[in-house]
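**Student:** Give me the fold of what follows.
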Amino acid sequence: MGKDNNTSKKSKPRAPKEGANPKKFKKKTSILLTDKIEYIDYKDVNLLTRFVSDRSKIRNRRVTGNTVQQQREIANAIKNSREMALIPYTKRVAQTRTSRPPRDGDNRRGRDDDQSREPQVAAAAVESTEVEETAADQEVEG
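**Tutor:** Numbering: from 1, shown residues only. Below is the predicted model:
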């Protein structure tokens, strides 16, 4: 009545494809090993900023080449220095976008249409009051 264990997704190991070779990549060497740094200090801002992206995110182990222990120490030091206000939590990144024409029915981007209508509405309102005044003047005279 229950499901067979052989057909469940978790029990099936994924077989490697025969024709494709797995990607071979060179393991990155850690900055800590190349500079022979043994102790990671939270006050060493120059070192810690090398492990942080341009938006102040902590970089992956895969990107930095750290071991698990090194990455844990780096992460804790970065978090500690953020708490001490030595490193910012986030940085603003200026993004230059090319302006694109507004889509049909999309007035959020181009407010020029709304502003150009306002003087016309105001002018129409002034004209209607002038017409009413002249009609009232003619009735009084006649």
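**Student:** and stretch 62-73, average pLDDT?
**Tutor:** Stretch 62-73 carries an average pLDDT of 93.
**Student:** again with stretch 49-58
**Tutor:** 93.
**Student:** how about it: buried residues?
**Tutor:** For stretch 49-58, the neighbour count (16 or more other CB atoms under 10 Å) marks 51-52, 56, 58 as buried. C-beta coordinates here come from the backbone N, C-alpha and C atoms, glycine included.
**Student:** now stretch 73-93
**Tutor:** The neighbour-count check on stretch 73-93 (16+ other CB under 10 Å) flags 73-75, 77-78, 81-82, 87 as buried.
**Student:** neighbouring contacts of that stretch?
**Tutor:** Contacts with stretch 73-93, where a contact means CB atoms under 8 Å, 6 or more residues apart in numbering, come from 40-45, 48-49, 51-52, 54-56, 58, 64, 66.
**Student:** let's see 7 Å
**Tutor:** Contact with stretch 73-93 is made by 40-43, 45, 48-49, 51-52, 54-56, 58, 66, as judged by CB atoms under 7 Å, 6 or more residues apart in numbering.
**Student:** Quote the end-to-end distance of that stretch.
**Tutor:** End-to-end distance for stretch 73-93: 27 Å, by CA to CA, to the nearest Å.
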